[in-house]
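S.K.: Just a sequence and a predicted model for now, questions to come.
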Amino acid sequence: MKKPQNDKTYDLFIIGGGINGCGIARDATGRGLSVALAEMNDLASATSSASTKLFHGGLRYLEYFEFRLVREALIERENLLVAMPHISWPMRFVLPYHQDMRFESDTPTSKLLTLFMPWMKGQRPAWLIRLGLFMYDNLGGRKILPGTKTLDLKTAREGKPIINKFERAYEYSDCWVEDSRLVVLNARDAQKRGAKIMTRTKVTDAVSKDGIWTVTTQNQITGEQQVFKAKLLVNAGGPWVENIIRNVAHISTNEGIRLVRGSHIVTKKLFDHDKAYFFQGEDGRIIFAIPYEQDFTLIGTTDQDHKDVDTKPECTPEEQEYLCKFASQYFEKPITREDIVWTYSGVRPLYDDHASSSTAATREYVLKLNETGEAPALNIFGGKITTYRRLAEAAIAKFEHFFPEMTSKWTKRVPLPGGDFAHDQFDQLVQELQNIVPFIGPKTARRLVRAYGTDAQIIVKGVASEKDMGTHFGHGIYARELDWTIAHEWVMTAEDYLWRRTKMGLRVSNEQTSEIGAYIAKAITAQ
């Protein structure tokens, strides 16, 4: 059977619809390059929807002396906050302190302290934490976010949920981000600028010849195959990057990845304020406890080696028990597995630097341009969601000599779709939406602005009554919103909408999930 072939030769063909692939697609298209992107599942269906949902510098990475990575991430926090004020916002973190705090034994900082201050015996002293937070405040040239302060947990409301062993805490700034929406918004902007974005499209083969890649794709729903041509192949396959190198693009290289699983649990709301907690364990590891979706608390993450890329990552019973036990060392009310309402797990595709443990493996992204074949390919290892935009710039810098007519960097602080408002105007936008459609209620209005920003008003344009919103599936989910996500955000299943475009899966019943899935299927068939 002859495969349909596109006459066009693209500048880039990107494999992978996670944050790295979509970020590069957006940046490159905005510089005048022609781009096609194929994702074998839904956008952000793997690692990019399974993060801890933070734009953060990585406070603990200072203990590994990864100062460049932390500085770059800290600078990016505020750049991204300006560009996407609907899906990212400032958050204060409370770090309770006790003299029993311990380092992981294999961190460079721990080894230095052991060498020069052997009497410390692995302790994480208060002066060192304060020094780290001072660096954290100042490495990135912070302007929007407030700096660190000290809390008296005996009198502060943040101390109420915490056991009385902890009398003091440090409070510092980082940012929340809706990770999977970040991916979708980058894909939307890339498409708006001319990129071809294909979901449920697997790349089955890529062959380089005469300076051109011939890429074969297969639609995962219809089975239809297509052939594309491109001057350069970008492998942003995340956990599958090594498989693509060896079995799809047939590139000869010794580069590899280390798969590290990070698992999270979500419980019923554990405290009545909007700040998060940063907890340090007796084993030297850290976890966060973060306010989540108004009525829940997110706790994570773990660091476990994950052997097989094709084994779906799941939060194991042992990891659930570990996180419950860890958090219970801090919270007055112990947390058990009965408190868990949802779990999720993702695999971080870290560059294999042969570190002694999964926790010690580098979080730096590594970009390798391969020119040994007849056409060049760029393989991407690792990356943090906070530095995705800088990764995209660095990736393009690797191959810009192939495209001399390409324009210069442009994405810094440029709003993503729906993000064209000031970071302190969010409440104003919510009120404006409530004035337009008062019958949806304040909770739904807030959710819609959080998800879609200024596009929320476009979604409800022309709506005069609740009837105009279409079928109500419960919890403020109307057909009008589903239609928008189908038309503009590549939604094809209930799971796409309930767990990646939103987190409404936490609220809907099985019956409502089925009704939403049936509506989406019917709407797609009617297209």
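M.R.: Okay, I see it.
S.K.: how about low-confidence regions in this structure?
M.R.: 1-3, 60-65, 100-125, 127, 354-363 (pLDDT under 70).
S.K.: can you tell me which residue is nearest the centre of it?
M.R.: Asp179 (3.5 Å; C-alpha atoms, centre = their mean).
S.K.: what sits against it?
M.R.: Ile19, Ala44, Ser48, Ser49, Ala50, Ser51, Lys53, Ile385 (C-beta atoms under 8 Å, 6 or more residues apart in numbering). Just so you know, the C-beta spots here come from the backbone N, C-alpha and C atoms, and that holds for glycine as well.
S.K.: Of those, which belong to helices?
M.R.: Ile19 (DSSP state H).
S.K.: ok, and the most crowded of the contacts of Asp179?
M.R.: Ile19 (30 neighbours; other C-beta atoms under 10 Å).
S.K.: Distance check, that one against Tyr322.
M.R.: As judged by C-beta to C-beta, to the nearest Å, Ile19 and Tyr322 stand 27 Å apart.
S.K.: Quick check: Lys231 touching Ala375?
M.R.: Yes: in this structure Lys231 lies within contact range of Ala375 using C-beta atoms under 8 Å: 6.8 Å.
S.K.: neighbour-wise, which of these two wins?
M.R.: Ala375 (22 against 19).
S.K.: wait, that one sits on Thr214?
M.R.: No: the criterion here is C-beta under 8 Å, and Ala375 misses it with Thr214 at 9.1 Å.
S.K.: quick one: common contacting residues for these two?
M.R.: With C-beta under 8 Å, 6+ apart, Ala375 and Thr214 have common neighbours Ser208.
S.K.: how about the host helix or strand of Tyr277 as CSV, C-alpha atoms only?
M.R.: Assigned by DSSP states H and E, Tyr277 falls within strand 276-280. Output in CSV follows, covering the C-alpha atoms of strand 276-280 (Å, rounded to 0.1, in the frame of the first residue of the first chain):
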residue,chain,number,x,y,z
ALA,A,276,2.9,25.2,50.4
TYR,A,277,5.3,23.2,52.7
PHE,A,278,8.8,22.1,51.9
PHE,A,279,9.6,19.1,54.2
GLN,A,280,13.1,17.6,54.8
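S.K.: other SSEs contacting whatever helix or strand comes next after that strand?
M.R.: Proceeding N to C from strand 276-280, the next assigned helix or strand is strand 286-292, under DSSP H and E. With contacts defined as 3 or more C-beta pairs under 8 Å, 6 or more residues apart in numbering; DSSP states H and E, the packing partners of strand 286-292 are strand 276-280, strand 296-300, helix 317-328.
S.K.: residues making contact with strand 286-292?
M.R.: 52-54, 60, 91, 93, 176, 266, 269-271, 273-281, 297-301, 323, 326-327, 330-331.
S.K.: List only those of those flagged as buried.
M.R.: Taking 16 or more other C-beta atoms under 10 Å as the criterion, what is buried in these is 52-54, 60, 91, 93, 176, 266, 270-271, 275-281, 297-301, 323, 326-327, 330-331.
S.K.: mind listing the helices for the stretch 51-200 of the chain?
M.R.: 67-83, 108-116, 126-138, 179-192 (DSSP state H, counting those that start in this stretch).
S.K.: er, the stretch 351-500 of the chain actually
M.R.: 388-399, 426-436, 442-452, 455-459, 479-488, 494-495.
S.K.: Alpha carbons of the helix or strand just after the last one, as PDB, please.
M.R.: It refers to helix 494-495. Using DSSP H and E, the helix or strand that follows helix 494-495 in sequence is helix 510-525. Taking C-alpha atoms only, helix 510-525 is exported to PDB below (Å, rounded to 0.1, in the frame of the first residue of the first chain):
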ATOM      1  CA  ASN A 510     -17.900   7.600  36.400                       C
ATOM      2  CA  GLU A 511     -21.300   8.300  34.900                       C
ATOM      3  CA  GLN A 512     -20.300  11.900  34.100                       C
ATOM      4  CA  THR A 513     -17.000  10.800  32.700                       C
ATOM      5  CA  SER A 514     -18.900   8.400  30.300                       C
ATOM      6  CA  GLU A 515     -21.300  11.200  29.300                       C
ATOM      7  CA  ILE A 516     -18.400  13.600  28.600                       C
ATOM      8  CA  GLY A 517     -16.600  10.900  26.600                       C
ATOM      9  CA  ALA A 518     -19.600  10.100  24.500                       C
ATOM     10  CA  TYR A 519     -20.200  13.800  23.800                       C
ATOM     11  CA  ILE A 520     -16.600  14.300  22.700                       C
ATOM     12  CA  ALA A 521     -16.700  11.200  20.400                       C
ATOM     13  CA  LYS A 522     -19.900  12.400  18.800                       C
ATOM     14  CA  ALA A 523     -18.600  15.900  18.300                       C
ATOM     15  CA  ILE A 524     -15.400  14.600  16.600                       C
ATOM     16  CA  THR A 525     -17.400  12.300  14.300                       C
END
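S.K.: Which residues in helix 510-525 does the neighbour count mark as buried?
M.R.: Gln512, Thr513, Glu515, Ile516, Gly517, Tyr519, Ile520, Ala523.
S.K.: what's the angle between it and helix 479-488?
M.R.: 50 degrees (axes from the mean of the first three to the mean of the last three C-alpha atoms, to 10 degrees).
S.K.: what packs against helix 510-525?
M.R.: Looks like helix 510-525 contacts helix 479-488, helix 494-495 (3+ C-beta pairs under 8 Å, 6+ apart).
S.K.: now could you export just the CA positions of the longest one as CSV?
M.R.: Spelled out, that is helix 479-488. Extracted C-alpha coordinates of helix 479-488, given in CSV (Å, rounded to 0.1, in the frame of the first residue of the first chain):
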residue,chain,number,x,y,z
ALA,A,479,-20.7,21.6,26.2
ARG,A,480,-19.5,25.1,25.2
GLU,A,481,-16.2,24.6,26.9
LEU,A,482,-15.8,21.0,25.5
ASP,A,483,-16.4,22.3,22.0
TRP,A,484,-13.7,24.8,22.5
THR,A,485,-11.1,22.3,23.6
ILE,A,486,-12.1,19.9,20.8
ALA,A,487,-11.7,22.7,18.2
HIS,A,488,-8.6,24.4,19.6
